[in-house]
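Engineer: sequence plus predicted model, see below.
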Amino acid sequence: MQRTNKERRVAKDAFRRMNKAEKIDYIFTYYKLPIFTVCVVLALFLQAGIHALTKKDPILYNAYANVSFGDTLREELTDGYLAYSGKNPNKFEITEYPDLYLSEDASGENHQYAYASRIKVLGSISAKRMDIVFMNKEAYDLMSESGLLADLKSIQEIDASLYKRLELYLTDNTVILEDNSVEFDLGEASVYSAVTEEQTNAVNVTSLPLIHRAQTDGDVYAAIIANSPRITEALSYLDYLLSAD
């Protein structure tokens with residue numbers, strides 16, 4: 001219900017006669033809902049502005065499967081590469097998937113952890129948000145068998161010089177092209193069979209200075225995910241691993 005002109009004048013006169021505390025109490029009592037609404041809207045705009053100003057674009061997605069790296073090495077594998085490639089760390093970042101666990105022999109709690117890690121790996125790869133993966137031999141075998149890793153011989157066509165520097169560290173592993181695992185698991189086949197081939201699909205980075213200093217337990221392999229849309233950046237990253245001292 002709208003006030004008459006006389007009522008509005010009376011209200012204004014009454015407001016003018018109030019002291020500061022009374023005015024604040026009056027405003028809060030009668031206008032708290034509009035004030036609250038304005039505050040929420042301003043807060044949302046402020047949050048959106050801060051997010052836009054501080055958001056960093058991922059240039060690579062790194063995964064660590066069955067390997068545990070300390071904070072120092074993780075920093076060298078992320079911020080160190082940004083510095084090496086001349087990327088502004090305030091605008092760019094390397095997104096990480098740490099503590100992944102891949103195993104076929106896991107049991108109990110480890111089985112659930114391994115299952116969750118496998119789902120995360122497959123989901124990230126499907127979304128094309130995984131580029132480089134560091135792994136131990138067990139994880140390397142599993143990812144290679146599944147055909148998830150890029151054949152690094154193709155580097156020769158992109159950067160022959162880099163391939164020549166990598167040759168000493170390149171490793172071959174088995175890739176399953178087709179098999180009867182479904183039929184075997186269902187009991188429809190008595191013998192498991194598979195068609196396989198050997199591919200050059202990882203770099204043994206254990207002896208490279210950057211990894212060697214971390215004194216890792218066992219060999220560490222680095223590979224590029226087969227469907228990575230950031231191959232050029234991934235190759236630059238392999239060059240960084242070779243060059244860092």
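Structural biologist: Received it, and whenever you're ready, just let me know what you need. Note that the coordinates shown come from a computational prediction; the quantities given were computed from them, not determined experimentally. Numbers count the residues shown, from 1 in each chain.
Engineer: switch to C-alpha atoms for all contacts and neighbour counts from now on
Structural biologist: Noted.
Engineer: gap between residue 130 and residue 77?
Structural biologist: Applying C-alpha to C-alpha, to the nearest Å, the value for residue 130 to residue 77 is 15 Å.
Engineer: for residue 180, that is, sorry about that
Structural biologist: Distance, residue 180 to residue 77, using C-alpha to C-alpha: 39 Å.
Engineer: of these two, give the one with the bigger neighbour count.
Structural biologist: residue 77 (21 against 14; other C-alpha atoms under 10 Å).
Engineer: just for the protein, where's the confidence low?
Structural biologist: For the chain, the stretches with pLDDT under 70 are 1-18, 20-54, 106-109, 182, 184-185.
Engineer: at 50 instead, please
Structural biologist: Residue ranges of the chain with pLDDT under 50: 1, 48, 50-52.
Engineer: all helices of it, in order?
Structural biologist: Applying DSSP state H to the chain gives helices spanning 5-17, 20-54, 71-84, 109-126, 137-145, 155-158, 160-166, 181-185, 209-212, 231-243.
Engineer: wait, isn't residue 183 in contact with residue 194?
Structural biologist: No. Using C-alpha atoms under 8 Å as the test, residue 183 is too far from residue 194 to be in contact (11.8 Å).
Engineer: name the nearest residue to residue 196, ignoring sequence neighbours.
Structural biologist: Counting by C-alpha to C-alpha, 6 or more residues apart in numbering, residue 176 is the residue found nearest to residue 196 once chain neighbours are left out, at 4.4 Å.
Engineer: can you name the residues that contact the closest residue in space to residue 239 that isn't next to it in sequence?
Structural biologist: Once flanking residues are discounted, residue 239 sits nearest to residue 162: 6.8 Å by C-alpha to C-alpha, 6+ apart. Contacts here follow C-alpha atoms under 8 Å, 6 or more residues apart in numbering; on that basis residue 162 touches 155, 156, 239.
Engineer: right, I'll leave it there.
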